[in-house]
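Q: Predicted model and sequence below, questions to follow.
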Amino acid sequence: MRSPAPKLQIIRAPRARASEPAANSNATQRIADSITTAIVERRLMPGTKLAEQKIADVFKVSRTLVRQALMQLSRDKLITLEPARGARVAEPGIEEARQVFEARNMLEAAMIKRAASELTPAQIAELRAHLRAEADAVKRTDVPGRTRLLADFHVVIARMLGNEVLADMLGDLVSRCSLIALMYQSAHSAEHSFDEHVAIVDALEKRDARAAVKLMESHLHNVERNLQLDPRAPDLESVLMPR
């Protein structure tokens with residue numbers, strides 16, 4: 001009997017303001033989390049228009065709460081807000097993409113080095129369970145599920161270290177990487193990313209900080225390398241001539 005798909009969970013920490021009523025704050029965060037999840041799971045494409053009234057109808061809330069959620073996502077660079085055009089899913093440029101990966105490299109190299117010395121056997125076991133969920137999603141060709149789980153892997157480690165600020169920052173960067181992948185992805189293999197995650201956890205279990213850092217840097221480099229961030233002008237003859 002096939003095991004059920006793992007339940008996907010939002011990894012981003014709540015960002016409610018203390019002055020907001022709890023119900024409104026929860027509704028705003030729910031909207032922001034749902035849009036973020038849809039982007040990460042590749043159900044919302046770059047440039048997609050996000051109509052306030054339509055979203056308000058979906059969540060049965062006021063447009064004011066929708067606007068608050070959209071403003072939060074705009075600060076996170078996941079959407080753009082423009083006069084007359086309204087809200088749209090962001091379309092990150094090539095330079096922004098490079099900067100996002102540079103930031104991830106700096107954060108995650110330090111994070112994984114610390115994880116190699118601090119994660120407990122119980123936490124390693126939790127990571128192994130996460131890997132089993134990844135493997136199941138890859139095997140079932142569950143594209144939204146595997147995309148979410150492969151992204152969650154990095155934030156789960158940050159959260160295990162007890163640093164919610166790091167986890168929140170990394171969650172933002174991982175979400176932005178999902179948008180970048182939608183625009184510039186080539187033939188990057190989910191199976192390959194999963195294998196690299198397994199190797200990273202193996203190094204963490206051995207408490208081999210040097211190997212863990214090297215594997216994480218290689219993993220992020222491979223993800224970036226499989227994006228088409230150096231587009232060349234097409235050869236018109238090859239593009240236009242009938243095949």
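A: Looks like it arrived, so ask away.
Q: Contact partners for His192?
A: Going by CB atoms under 8 Å, 6 or more residues apart in numbering, His192 touches Asn222. Yep, even glycine has a C-beta here, placed from its N, CA and C like the rest.
Q: Next, work out how far apart it and Arg146 are.
A: Computed as CB to CB, to the nearest Å, the His192 to Arg146 distance reads 12 Å.
Q: Tell me how many other residues surround Asp33.
A: 17 (other CB atoms under 10 Å).
Q: next one: Ala122
A: That count, for Ala122 with other CB under 10 Å as the rule, works out to 8.
Q: do the same with the one 3 residues further on
A: Here the neighbour count serves as a burial measure; for Ala125 (other CB under 10 Å) it reads 11.
Q: Please name every helix or strand in contact with the strand or helix carrying it.
A: Secondary structure from DSSP states H and E places Ala125 in helix 121-139. Applying 3 or more CB pairs under 8 Å, 6 or more residues apart in numbering; DSSP states H and E, we find helix 121-139 packed against helix 143-160, helix 190-205.
Q: Confidence-wise, which of those is weakest overall?
A: In terms of average pLDDT, helix 143-160 trails the rest of the helices and strands packed on helix 121-139, at a mean of 90.
Q: what's the angle between that one and helix 121-139?
A: 170 degrees (axes from the mean of the first three to the mean of the last three CA atoms, to 10 degrees).
Q: circling back to that earlier point, which of the helices and strands packed on helix 121-139 is buried the deepest?
A: Comparing the helices and strands packed on helix 121-139 by mean neighbour count (mean count of other CB atoms under 10 Å), helix 143-160 ranks first with a mean of 21.
Q: residues in contact with the nearest residue to Ile180 once chain neighbours are set aside?
A: Spatially, and ignoring its direct neighbours in sequence, Ile180 is nearest to Ala97 (4.5 Å; CB to CB, 6 or more residues apart in numbering). Contact analysis of Ala97 by CB under 8 Å, 6+ apart lists Ile180, Met183, Tyr184, Glu224, Leu227, Leu229.
Q: Do me a favour and average the pLDDT over the lengthiest helix in the chain.
A: Taking DSSP state H as the criterion, the chain has its longest helix at helix 94-118. Averaging pLDDT along helix 94-118 gives 95.
Q: Kindly report the same for stretch 127-134.
A: 96.
Q: Likewise for stretch 58-78?
A: 94.
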